[in-house]
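Participant: Need coordinates for the below:
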Amino acid sequence: VVHGIEQQGKEIKRRRVAEDERLTREEEKLEEKEQQREIMRVRLKMFLCEEGRCLTLDVGGEKFVTTKDTLLAVPDTLFTALLSGNFAVDKTPEGHIMLDRDPTHFSYILNYLRGTRENPNANPPLFSLKGLPLHAAHHLAQEAEFYGLSSL
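Facilitator: Model (predicted):
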């Protein structure tokens, strides 16, 4: 009888240990899912146009929608000056910020800023000009200089 009780006790202990291990694994899975949700929430926030965060730029007649965070990703640029409130900004009748520049390569400028905003310490930078023809790269360099993006 004593031996049977000892066996039952060992079985109960084994089941409790197994259940504790299962619960620990479940907790770890829940924590991982919560971390993934937080990462996704942060990523989505970058793309959601909450009140006052998004703006439209009219570059040479072409519209570009972005966020203030993107334009402010690199300090001491034309964009930080434009959004500082210290300067008069030309706007279209629709209220878009107007930049009288060639829009051909402006998407490269925005993509550079987006990559900088998302990964400010990336080394090497996440931005690449691979495959861009030399004349286009030269034009982009001129535009980058105009916008104060010497790091581009």
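Participant: could you say what helices and strands the host helix or strand of Glu145 packs with?
Facilitator: Taking DSSP states H and E as the criterion, Glu145 maps to helix 134-147. Identification of packing neighbours for helix 134-147 by 3 or more C-beta pairs under 8 Å, 6 or more residues apart in numbering; DSSP states H and E yields helix 78-82, helix 106-118. The C-beta positions use only the backbone N, C-alpha and C, and glycine is treated the same way.
Participant: in the worst-scoring helix or strand of the chain on mean pLDDT, what counts as buried?
Facilitator: None of the helices or strands of the chain scores lower by mean pLDDT, DSSP states H and E than helix 106-118, at a mean of 85. Of the residues in helix 106-118, 106, 108-110, 112-117 count as buried by neighbour count, 16 or more other C-beta atoms under 10 Å.
Participant: Now do the residue lying farthest from the centre of the chain against Gln7, distance only.
Facilitator: Largest separation from the mean C-alpha position in the chain: Val1, at 67.0 Å (C-alpha atoms, centre = their mean). With distances taken as C-beta to C-beta, to the nearest Å, Val1 is found 11 Å from Gln7.
Participant: re the thing from before, and the helix holding Glu145, which residues are buried?
Facilitator: Neighbour count says helix 134-147 has 139-140, 143-144, 147 buried, by 16+ other C-beta under 10 Å.
Participant: Alpha carbons of it, in CSV - could you do that?
Facilitator: Provided in CSV are the C-alpha atoms of helix 134-147 (Å, rounded to 0.1, in the frame of the first residue of the first chain):
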residue,chain,number,x,y,z
LEU,A,134,25.1,57.5,-64.0
HIS,A,135,23.3,60.6,-65.3
ALA,A,136,20.3,59.8,-63.0
ALA,A,137,22.7,59.3,-60.0
HIS,A,138,24.3,62.7,-60.9
HIS,A,139,20.8,64.4,-60.9
LEU,A,140,19.9,62.7,-57.7
ALA,A,141,23.1,63.9,-56.1
GLN,A,142,22.2,67.5,-57.1
GLU,A,143,18.7,67.1,-55.6
ALA,A,144,20.1,65.5,-52.4
GLU,A,145,22.4,68.6,-52.1
PHE,A,146,19.5,70.9,-52.6
TYR,A,147,17.5,69.2,-49.8
